[in-house]
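Undergrad: I need the structure of the sequence given here:
(3 chains)
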Amino acid sequence: MQQKYSNLKMLAVLAGICVISAGLLGYAHISTAERIRENREARIRDAVGKVLAGIDSYERINSEPVIFKGMTQGEIAGYAVLYEGMGFQGTIQLLIGLDPDIHMMKGMAVLDSVETPGLGDRIKGPDFGKQFEQMGIPGEGEIKVDTITGATISSLAVEKIINRAIGDAKRIL
Amino acid sequence: MLKEFFKGIWKENPVLRQLLGMCPTLAVTTSSVNGIAMGLATTFVVVSSGIIVSLFRNVIPSQVRIPVFTVIIATFVTLVDLILKAYFPDISRALGPYVPLIVVNCIILGRQEAFTSKNPVLLSVCDTLGMGLGFTLLLVVLGSIREILGSGSVFGMHIMPAFFRPLVIMVLPAGAFITLGLIAAMYNLVNQKADRT
Amino acid sequence: MRELVTIFISAVLVNNFVLYYFLGICPFLGVSSRLDSALGIGMATTFVMTMTALVTWPLNYYVLSADTGMGLPFLEYVIFIIVIASLVQFVEMFLRRFFHNLYRALGIYLPLITTNCAILGMALFMVLREYGYIETVVFGFSAGAGFTMVIVIMAGIREDIKYAPVPEIFKGAPITLITAGLLALAFMGFSGIIAP
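TA: Purely as a prediction, here's the structure:
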């Protein structure tokens, strides 16, 4: 009898803890969900503003891949393609700015990457990013990047992701 | 009471003396800011779960204490994770999957098992706070050394002269192991000197 | 098939859990002083990791995930840790009952595994990288195999260090950490064998 009682108590305590924990976390999740979503959108907004400099509004026009259309005074100013691929260590997520005819890149921003600090993660730096501003896209649609010394693989990964993104964008737009 | 607090910072420092909590110690200390953030997040979790465990120490059946502690810890870790994501998105991204891994930081479970489940609330707070801050201190020291030598800056500010070339190895995993090894040797040296006098 | 081989090589050599992600450092430093115990904990970890992969993936996909499940991502950590703890318990009981020899070899290491962050880390990476079921299982096994490999190498080195004249203040933790650092340095040589 004693044994049974303590088994019941054990179960009760465990179940109680789990219920309290789930309830608390559910509440915390609901109260932070809105802000977490806003943070994510703010990041996208900043990045779109960066790769399509000078636009005054943008809207999402495609998913898979996600494409944004940027507008300046009612005219199409360019497209921004969200694209990801494998880097040296893990996934690299890029936002790629294109002009309306897809003849030129307007900019590139790294949204997410886990490249080696100090080496591969220099793809996030301004020196690497600058080469994509006003970079012409050759007829066959393959761009070439200037790789960073010590970050060759990361640089080439970026090149590959951009070329795939341009290919998709040409097909869709 | 002060004794319980200070033992965590030096004499029983969780990392240097007890070799606990190594994963976050080595993984996130590529910069001093990351070190502080991880240290404080861990401190928050160890103190708050310590309070709960200490409050209910007479209710929790001893056979299931480990699962109960673990669930309590995991709950607080999820809270920290949500708060970081909502209010400090940059820090949350920098720490990445190492925030959830606070759950399995042996320092936290170790403190519940060794101290808070046997002691009143106030003492538990002193003990866990001391351990948490001792952990934070070490993370900041390690993070600063690695950031100064590996990126030439500290807390994000450039301090090294222009001719200094960052030693990339310091921000790589190998640098983490070796730096911590040297810190642990210094710690032994100081303790040895103190013992002799 | 190619992806699976890539996952295997990457988890064992390039992004080794211990030397690259710093997961499972506690047993790596704590149980690596003897070769046979290192092998024991390595095998026990690999076993539990593969089991964890088998169980947590469906759980995440059909229950926790916001896209395909019931939308409870905030319970991820709590549920994963409960699953791992119960799995360890279950594996222990199962081995004790049916595979007595294996239990005698691995038994004492099993309780240590619950707090081995490599296992929870593996489950979290699986969600983060959006692996499919088979990929996850391969990943879990490879991560365990990588762990076993480095802990055995480490134990081999440490058995030799025992007879080396290490300076007094470097005895114990410091020399072990520095050895690990040199091992991590050596493993950096594997980086880049997988083209993106």
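Undergrad: Tell me where chain A has helices.
TA: Ranges of helices within chain A are A:2-51, A:126-130, A:152-172, based on DSSP state H.
Undergrad: Of all these, which one is nearest A:Gly120?
TA: Closest approach to A:Gly120 among the helices of chain A (CB to CB): helix A:152-172, 3.6 Å. In this view, the C-beta of every residue, glycine as well, is placed from N, C-alpha and C.
Undergrad: returning to what we had before: would you tell me which of the helices of chain A gets closest to chain B?
TA: Ranking these by their distance to chain B (criterion: CB to the nearest CB) puts helix A:2-51 first, at 4.0 Å.
Undergrad: For chain A, what lies in contact range of chain C?
TA: A:18, A:21-22, A:25-26, A:28-29, A:85-91, A:153, A:156-157, A:160 (CB under 8 Å from any CB of the partner chain).
Undergrad: Swap in 7 Å and give it another go.
TA: By the rule CB under 7 Å from any CB of the partner chain, the part of chain A lying against chain C is A:21-22, A:25-26, A:29, A:86-89, A:153, A:156-157, A:160.
Undergrad: Give me the contact list for the lowest-mean-pLDDT helix or strand in chain B.
TA: Lowest by mean pLDDT, DSSP states H and E among the helices and strands of chain B is strand B:157-158, with a mean of 79. Contacts with strand B:157-158, where a contact means CB atoms under 7 Å, 6 or more residues apart in numbering or on different chains, come from B:Gly152.
Undergrad: can you pull the pLDDT of the spatially most central residue of chain B?
TA: For chain B, B:Phe135 is the residue whose C-alpha lies nearest the centre (CA atoms, centre = their mean; 3.6 Å). B:Phe135 is assigned a pLDDT of 93 by the prediction.
Undergrad: and it, helix, strand or coil?
TA: helix (DSSP: H, G, I helix; E, B strand; the rest coil).
Undergrad: which residue packs closest to it, ignoring adjacent ones?
TA: B:Pro14 (5.3 Å; CB to CB, 6 or more residues apart in numbering or on different chains).
Undergrad: Run a quick neighbour tally on B:Pro89.
TA: B:Pro89 has 17 neighbours, counted by other CB atoms under 10 Å in any protein chain shown.
Undergrad: ok now do it, which residues does it touch?
TA: Per CB under 7 Å, 6+ apart, neighbours of B:Pro89: A:Asn39.
Undergrad: which residues of chain B fall in strands?
TA: Assigned by DSSP state E, the strands in chain B fall at B:153-154, B:157-158.
Undergrad: Would you mind confirming that the residue nearest to the centre of chain B is in contact with B:Phe44?
TA: No: using CB atoms under 7 Å, B:Phe135 is not in contact with B:Phe44; the gap is 11.6 Å.
Undergrad: contacting residues for residue 47?
TA: You didn't pick a chain, so chain A it is. A:Ala47 touches A:Leu95, A:Ala109, A:Leu111, counting by CB under 7 Å, 6+ apart.
Undergrad: that's the other chain; I wanted chain C
TA: C:Val91.
Undergrad: ok, so what distance separates it from C:Gly144?
TA: As defined by CB to CB, to the nearest Å, C:Phe47 lies at a distance of 7 Å from C:Gly144.
Undergrad: How many residues are close by the residue lying closest to A:Ile61 once chain neighbours are set aside?
TA: Distances taken as CB to CB, 6+ apart place A:Lys69 nearest to A:Ile61, at 4.8 Å, with adjacent residues excluded. Neighbour count of A:Lys69, defined by other CB under 10 Å: 20.
Undergrad: So what pairs up with A:Lys69 in the strands?
TA: On the basis of DSSP bridges, A:Lys69 is bridged to A:Glu59, A:Tyr79.
Undergrad: pLDDT score for it?
TA: pLDDT, A:Lys69: 88.
Undergrad: Now that it has come up, it's in contact with A:Ile55, right?
TA: No: applying CB under 7 Å as the test, A:Lys69 and A:Ile55 come out as separate, 9.3 Å apart.
Undergrad: what about the residue lying closest to B:Arg17 once chain neighbours are set aside, distance to A:Met108?
TA: Closest residue to B:Arg17 apart from its sequence neighbours, by CB to CB, 6+ apart: B:Lys11 at 7.2 Å. Distance of B:Lys11 to A:Met108, computed by CB to CB: 52 Å.
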